[in-house]
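K.L.:
Okay, predicted coordinates and the sequence, questions at the end:
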Protein chains: 2
Amino acid sequence: MASSPVAPGGFIQQQNLVEQVADYLTQAIIQQHFLPGERLSEVQLSRDLGVSRAPVREAARLLESRGLLISKPRRGFFVRALNAVELEDVFDLRLCLERHAIQRLSERYSSDAERALKQQVEVLCEATASNDGTRRIEEDLQFHRLMIHYAGNERLLRAFDGLTHELRLCITLITKTHEAPDTIATSHFKLLDALGSGSSEACREAIDYHIGVARDFVVSSVGE
Amino acid sequence: MASSPVAPGGFIQQQNLVEQVADYLTQAIIQQHFLPGERLSEVQLSRDLGVSRAPVREAARLLESRGLLISKPRRGFFVRALNAVELEDVFDLRLCLERHAIQRLSERYSSDAERALKQQVEVLCEATASNDGTRRIEEDLQFHRLMIHYAGNERLLRAFDGLTHELRLCITLITKTHEAPDTIATSHFKLLDALGSGSSEACREAIDYHIGVARDFVVSSVGE
DNA sequence: CGATTGACGACTGTCGACAGTTTTACAAAC
DNA sequence: GTTTGTAAAACTGTCGACAGTCGTCAATCG
């Protein structure tokens, strides 16, 4: 979407303001225009965006529920700063969710799901080749999101989405380092192979390795 | 638990209108003063509670993030109605989280944790004997919350708390049916035994059985 | 020179009001 | 009796304003 902070003047007014502000804030946080720990002023934001404080507050509360902001009473909203421990917790929970998802999916693996996942791996490979780090990560997450989607538990998917919001907090840190493109592809193909084999042990092994690599990669990027 | 340093006795008057409204709404929904699917009018609520619409809106958004309400644009907030499928999804996710938690806990089972859990089982037994259905369920959930707390992943605990909010949606349905008191006690003691044995297989087996029973119990209560 | 205190400024929590939209009520036509 | 069209009522989304509170910083005191 619009990556640069737009000047308030002629902007489209199709969606509700809260979502627009939430999108703006999310992008601004991800792109580190607001640094971790930084305080956000409702008044300043509403002035900059040309809206009143009400939608700003609601958007901030939304981002708080997603873990991107934290609010201190009478102090306002602050950009969430993830430390190494919290990040490990996030990946531990992600492992928990994806283990369960791939287990459930292997029990009901349809040709539909297989086709969609294979296509997404191709999109991911393409994104990797394009050298757009952010897009690569988004397509990577999208693959896992699809996997959980086809696992057939909507509530599980919601939990995963909640995690990805937090992962995006340190997305720029991750994009700074470059993983070998072929590694990414083969790593995901192994997941597909495990699913195709129908072996729940193979699935668990594959996802454990996959998430473990991602965790080590991210945690080492953050704990500098 | 470190997260709720509740001051005992008459503590400071809550200064947060939003929290007060949220608590009121939560209780009203749990006690079915607002029925599932019912629409909540911001104006009416603010009149009834003697506050303006702003805190009501924020509280409603909070409850929306907890899954107790859902909002439709330009329509307002509605009490969430869980169908059987969603409820099964909730229990499937709960199984996912608790499997992981008991696994992690068995790896780091301390005498501290053991003591706290045993004490909580006693509290639970007491609550069961008191014939207060709501309190029994709350103490039951508290046991599981403690278990996940001692598993050492704060993020995992948050995910569990998000689930319990949804479970409370049908708490009255559950309390209407009565489980055998001794069954509840022994079921939790088995979890403690599994943890004490240090066997991850035993832990998994115990939690699978435990959550499975709870799921069947609740789903059969709802799917009238 | 360091600690304390008091005023100033900025900000959040809360409020009432207005505009546009959705729902409802009602009447007319078939 | 049913359907359709219209108008009123109610509601949400958004706005600007006010009051209480918190942090800052300079002036004062030890």
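P.N.:
Thanks, I have the structure now.

K.L.:
tell me the domain boundaries of chain A?
P.N.:
A:17-79, A:84-222 (automatic domain parsing).

K.L.:
Report whether the longest one contacts chain B.
P.N.:
Yes - using CB under 8 Å from any CB of the partner chain, we find that domain A:84-222 touches chain B at A:86, A:89-90, A:92-93, A:95-97, A:99-100, A:104, A:153-156, A:159, A:162. The C-beta positions use only the backbone N, C-alpha and C, and glycine is treated the same way.

K.L.:
can you check stretch A:31-48 too?
P.N.:
No - residues of stretch A:31-48 contacting chain B under CB under 8 Å from any CB: none, with a closest distance of 12.7 Å.

K.L.:
out of everything not next to it in sequence, what's closest to A:Glu19?
P.N.:
Using CB to CB, 6 or more residues apart in numbering or on different chains and skipping the chain neighbours, the partner closest in space to A:Glu19 is A:Ala59 (7.7 Å).

K.L.:
so the one you found sits right up against A:Ile29, yeah?
P.N.:
No - A:Ala59 sits out of contact with A:Ile29 when judged by CB atoms under 8 Å, with a separation of 11.6 Å.

K.L.:
what number of residues lie near A:Asn16?
P.N.:
Burial of A:Asn16, expressed as a neighbour count using other CB atoms under 10 Å in any protein chain shown, amounts to 13.

K.L.:
show me where chain A has strands.
P.N.:
Read by DSSP state E, chain A holds these strands, from start to end of the chain: A:39-40, A:69-72, A:76-79.

K.L.:
Give me whichever of those strands is most buried.
P.N.:
Relative to the other members of the strands of chain A, strand A:76-79 carries the highest mean neighbour count by mean count of other CB atoms under 10 Å in any protein chain shown, namely a mean of 20.

K.L.:
So what are the sheet partners of that strand and their directions?
P.N.:
Sheet pairing for strand A:76-79, assigned by DSSP bridges, gives strand A:39-40 (antiparallel), strand A:69-72 (antiparallel).

K.L.:
Reformat these as CSV; add distance to B:Ala54 and mean pLDDT.
P.N.:
Rendered in CSV, the data for the strands paired with strand A:76-79 read as follows (distance: least, CB to CB, whole Å; pLDDT from 0 to 100):
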stretch, distance to B:Ala54, mean pLDDT
strand A:39-40, 19, 94
strand A:69-72, 15, 94
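
K.L.:
about what we covered before: which one of the domains of chain A lies nearest to DNA strand D?
P.N.:
DNA strand D lies closest, by CB to the nearest atom of the strand, to one member of those: domain A:17-79, at 3.0 Å.

K.L.:
residues from chain A in reach of DNA strand C?
P.N.:
Where chain A comes near DNA strand C, counting by CB under 7 Å from any atom of the strand, the residues are A:40-44, A:53-54, A:57, A:71, A:73-77.

K.L.:
So how do I select the buried members of those in PyMOL?
P.N.:
Selection of the buried residues among the residues of chain A next to DNA strand C in PyMOL, burial being defined by 16 or more other CB atoms under 10 Å in any protein chain shown:
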select buried, chain A and resi 40+57+77
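
K.L.:
Out of the residues of chain A next to DNA strand C, which sit inside helices?
P.N.:
Secondary structure assignment by DSSP state H places A:Glu42, A:Val43, A:Gln44, A:Arg53, A:Ala54, A:Arg57 of the residues of chain A next to DNA strand C in helices.

K.L.:
which residue sits closest to the second one, ignoring its sequence neighbours?
P.N.:
Right, the one you point to is A:Val43. Going by CB to CB, 6+ apart, A:Val43 has A:Arg53 as its nearest residue, at 6.7 Å.

K.L.:
Pull the contacting residues for the one you found.
P.N.:
For A:Arg53, the contacting residues are A:Glu42, A:Val43, A:Ser46, taking CB atoms under 8 Å, 6 or more residues apart in numbering or on different chains as the criterion.

K.L.:
unless I'm mixing things up, the last one is touching A:Ala60, no?
P.N.:
No - when contacts are counted by CB under 8 Å, A:Ser46 is not listed as touching A:Ala60 (10.7 Å).

K.L.:
How about A:Lys72: what's its closest non-neighbour residue?
P.N.:
Once flanking residues are discounted, A:Lys72 sits nearest to A:Phe78: 6.8 Å by CB to CB, 6+ apart.

K.L.:
Where does the prediction get shaky in chain A?
P.N.:
A:1-15, A:178, A:223-224 (pLDDT under 70).

K.L.:
which residue sits closest to the residue nearest the centre of it in space, ignoring its chain neighbours?
P.N.:
The structure's chain A has its C-alpha centroid closest to A:Thr164; by CA atoms, centre = their mean the separation is 3.0 Å. Nearest residue to A:Thr164, sequence neighbours excluded (CB to CB, 6+ apart): A:Leu141, at 5.3 Å.

K.L.:
Neighbours of that neighbour, how many?
P.N.:
Under the neighbour criterion other CB under 10 Å, A:Leu141 is assigned a count of 18.

K.L.:
of all of chain A, which residue lies closest to DNA strand C?
P.N.:
When CB to the nearest atom of the strand is the measure, chain A has its nearest residue to DNA strand C at A:Gly76, with 3.0 Å between them.

K.L.:
Which residue ranges of chain A form helices?
P.N.:
Counting by DSSP H, one finds helices in chain A at the ranges A:17-30, A:42-49, A:53-65, A:84-107, A:111-129, A:133-151, A:154-167, A:171-176, A:181-197, A:200-222.

K.L.:
Could I get the contacting residues of A:Leu97?
P.N.:
A:Leu97 is in contact with A:Ile148, A:Leu156, A:Ala159, A:Phe160, A:Leu163, B:Cys96, counting by CB under 8 Å, 6+ apart.

K.L.:
For the residues you listed, pick the one with the most neighbours.
P.N.:
Going through those with other CB under 10 Å as the criterion, the one with the most neighbours is B:Cys96, at 26 neighbours.

K.L.:
Look up the closest residue to that one, ignoring the ones flanking it.
P.N.:
Computed as CB to CB, 6+ apart, the closest residue to B:Cys96 that is not its neighbour in sequence is A:His100, at 3.8 Å.
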